[in-house]
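Engineer: how would this look folded up:
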Amino acid sequence: MWELIWRGSIIGFGATLAMDLWAIFLTLAFRQPKANWAPVGRWFYHLKTGTVFHHTIADAAPYRHEQALGWIAHYAVGIVYGIILVLALGSSWLAEPTLLPALIWAIATVAAGWFLLQPGLGLGWAAAKTPNPNKVRTLNLLAHTVFGLGLWLTALVIR
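Structural biologist: Numbering: from 1, shown residues only. Predicted structure coming up:
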């Protein structure tokens, strides 16, 4: 069991790193804004008070280390997703990792962003309150696709 958790942690970390490299590529190649994890850090910080949904996270009291907390949360969630995947698929998948289960899981995890994090930040369900919701949704799906590729590739590397 601990072996699965440890390897799932590495796989989740690697997949999150792949997602971040993808974001850097989008910034350099297409001038997409850089990832800003401070609002996520502020959101996580305010969870301790029981506040899940904000009208807008910008109106919530700032937290001095919200950028760092956002990055930590980003990687922690990715690691948890890696652990869940490995626990669900078991050691047989680790021995012979296949792309499809990793990709399906990664695409499914976009639901947490669309129906918990984005409404929690005040962006609406699936970014409905943003200026271009379909662009945000497409970028979310692409990022989670890269996350799925990262899950699979990291599993191949550590097998």
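
Engineer: Around Pro133, how many other residues sit close by?
Structural biologist: 16 (other C-beta atoms under 10 Å). Placement of C-beta: from N, CA and C, glycine included.

Engineer: Can you pull out the residues in contact with stretch 98-111?
Structural biologist: Contact with stretch 98-111 is made by 15, 81, 84-85, 88-89, 93, 140-141, 144-145, 147-149, 151-152, 155, as judged by C-beta atoms under 8 Å, 6 or more residues apart in numbering.

Engineer: Inside strands: which ones of these?
Structural biologist: Using DSSP state E to define strands, no part of these is located there.

Engineer: just the buried members of the residues you listed?
Structural biologist: With burial judged by 16 or more other C-beta atoms under 10 Å, the buried subset of these is 15, 81, 85, 89, 93, 140, 144-145, 147-149, 151-152, 155.

Engineer: what's the most distant pair in those?
Structural biologist: Pairwise distances across the buried ones among the contacts of stretch 98-111 (C-beta to C-beta) peak at 25.2 Å, for the pair Trp93 and Asn140.
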